[in-house]
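> What shape does this take:
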Amino acid sequence: MKKTLLACAAAFGLVAGLSGPDLLAQEGPIQPGSSTVARPRKKADSPTQPVETRPVEVQAPVEQPKIPSRLNKKKEDTVPADVTFKAESEVVTVDVSVLDNQGNPIPNIPKGNFRILEDNVPQTLTQFSMTEAPMTVALIVEFSNRYQSYWSYGWYETLQAAYGFTQTLRPDDYMAVIAYDLRTEILADFTNDRNKIGEALQRLRIPGFSESNMFDAMTDTADRMSKIEGRRAIVIITSGIDTFSKLTYDKTRKLLQESGVPVYSVGILQLVRTMAESRGASMIDFLQGDNMLRTFAKETGGQAFFPRFMGEMPGAFAQINNALRNQYSMGYSPTNQARDGKFRKIAVQLVNPATNEPLRVTDQKGKPIKYTIVAKAGYKAPLPIQ
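Numbers count the residues shown, from 1 in each chain. Below you'll find the model as predicted:
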């Protein structure tokens, strides 16, 4: 019995000898063949420098915060009556293109020549730059067979022009390819891989349905892109005619304006109008489609193009690329800081600050240049903080 007690005491002494520094000294996995029990150091084995021992700190369990509710809310959890919260002032950003009568951007216009009005009230610019920033573009293509029988050859020419536009992407640009007929399909989500974008366009071969849900395709895409920061745009190749969307035209206009994403439209009906009319298509439908595309572009700060011949297709995409690459980016803190959720109109002007008259732009020969200012029509004010 005594031997058993002595053996247990000896074993206990070996285990008790494993204190702070010796346990910390054992790092990493135990090597094969090594002892699993560390030998306590004797005084003779200790180094000349005293070893500093640190007590082991045991952290007390952290009390998790309770979910506030009316039942467990304490008096100290309530906000004192004398504490007020001040909302940060909103900054409205506006991307502006200044184009000559050929659609070419006019660069190097000084900040002092720009004037922005919100609801006819002049605003003070706090941000101003002209940089070729990376861009995120959604290419939406109508892929219904509604007009395919009229221009099957022209369809492939259009895709070829669109493919040329995708090749202007830079390494830090992103693009998505989206097709629609009676439903919307993402053929390639946002990527900077040109091969994936080209493969997506190659899938647009034989359309299956004659219906078109243009409104739904545009608003769904704009909603996704509204959460993306930086320069962005929607480029849509379409007839401008919608036959299957859940949304109405007015609702689509409102949602596109609120998204803040400019829309660049390339209408295709000019190319097939003559043949389509000869087969009973309505001229009213064509005119309505053109007007809708113009409205979407104007109100969002984009442009609308209606090529009459296939040879004009590449030029339309080239102008879109130039407009997106050469924009003036500016911002201001609106004088009206009310959070009422109302739509506020924006007007951008070029003026001579000395005379307050419209700015006169001339070419190298001194001839006046007619220019066009492209910017979004307004924005929706934020709602009150809940």
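
> For the stretch 201-350 of the chain, which segments count as helices?
Under the criterion DSSP state H, counting those that start in this stretch, the stretch 201-350 of the chain contains helices at 214-225, 249-259, 269-278, 283-300, 313-325.

> which stretch of helix or strand covers residue 177?
Here residue 177 sits within strand 174-180, counting by DSSP states H and E.

> Only alpha carbons, please: show the helix or strand following that strand as PDB.
Downstream of strand 174-180, the first helix or strand assigned by DSSP H and E is strand 184-191. Only the C-alpha atoms of strand 184-191 are listed here, as PDB (Å, rounded to 0.1, in the frame of the first residue of the first chain):
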ATOM      1  CA  THR A 184     -34.300  38.000 -69.000                       C
ATOM      2  CA  GLU A 185     -31.100  35.800 -69.000                       C
ATOM      3  CA  ILE A 186     -27.700  36.800 -67.800                       C
ATOM      4  CA  LEU A 187     -25.300  35.200 -70.400                       C
ATOM      5  CA  ALA A 188     -22.200  36.600 -68.700                       C
ATOM      6  CA  ASP A 189     -22.200  38.300 -65.300                       C
ATOM      7  CA  PHE A 190     -19.900  41.200 -64.600                       C
ATOM      8  CA  THR A 191     -16.300  40.300 -65.600                       C
END
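
> Show me what the strand holding residue 177 is packed up against.
strand 135-142, strand 184-191, helix 194-202, helix 214-225 (3 or more Cβ pairs under 8 Å, 6 or more residues apart in numbering; DSSP states H and E). All C-beta atoms are positioned from the backbone trio N, CA, C, and that covers glycine.

> how about 10 Å then?
Counting contacts by 3 or more Cβ pairs under 10 Å, 6 or more residues apart in numbering; DSSP states H and E, strand 174-180 packs against strand 135-142, helix 152-166, strand 184-191, helix 194-202, helix 214-225, strand 231-238.

> which secondary element of this protein has the worst mean pLDDT?
Ranked by mean pLDDT, DSSP states H and E, the weakest helix or strand in the chain is helix 20-25, scoring a mean of 38.

> middle-most residue in the chain, spatially?
residue 228 (2.0 Å; Cα atoms, centre = their mean).

> Next one: it from residue 222, what distance?
For residue 228, the distance to residue 222 (Cβ to Cβ, to the nearest Å) stands at 11 Å.

> so where's the stretch 1-150 of the chain uncertain?
Regions of the stretch 1-150 of the chain meeting the criterion pLDDT under 70 cover residues 1-89, 147-150.

> now with 90?
Within the stretch 1-150 of the chain, the stretches with pLDDT under 90 are 1-90, 130-134, 143-150.

> same thing with the stretch 251-386 of the chain?
Low-confidence segments of the stretch 251-386 of the chain (pLDDT under 90): 268-287, 308-311, 363-364, 384-386.

> With mean neighbour count and distance to residue 95 as added columns, please give the helices of the stretch 201-350 of the chain in a markdown table.
Converted to a markdown table, the helices of the stretch 201-350 of the chain look like this (neighbours: other Cβ atoms under 10 Å; distance: least, Cβ to Cβ, whole Å):
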| stretch | mean neighbour count | distance to residue 95 |
| --- | --- | --- |
| helix 214-225 | 22 | 14 |
| helix 249-259 | 18 | 14 |
| helix 269-278 | 16 | 28 |
| helix 283-300 | 18 | 11 |
| helix 313-325 | 20 | 9 |
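
> quick one, which of those is nearest to residue 105?
Set against residue 105 and scored by Cβ to Cβ, those come closest in helix 313-325, at 5.5 Å.

> quick revisit: the residue nearest to the centre of the chain reaches residue 134, doesn't it?
No. Contact criterion Cβ atoms under 10 Å: residue 228 and residue 134 do not qualify, at 11.1 Å.

> could the helices of the stretch 201-350 of the chain be laid out in CSV, adding distance to residue 138?
Shown next, in CSV, are those (distance: least, Cβ to Cβ, whole Å):
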stretch, distance to residue 138
helix 214-225, 5
helix 249-259, 11
helix 269-278, 21
helix 283-300, 13
helix 313-325, 12
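
> For residue 335, which of the ones you listed is the nearest?
helix 249-259 (20.9 Å).

> what's that closest one in contact with?
Outside helix 249-259, the residues that touch it by Cβ atoms under 10 Å, 6 or more residues apart in numbering are 214-216, 218-227, 232, 234, 242, 245, 247-248, 262-263, 288, 291-292, 295-297, 299-302, 341, 343, 376-380.
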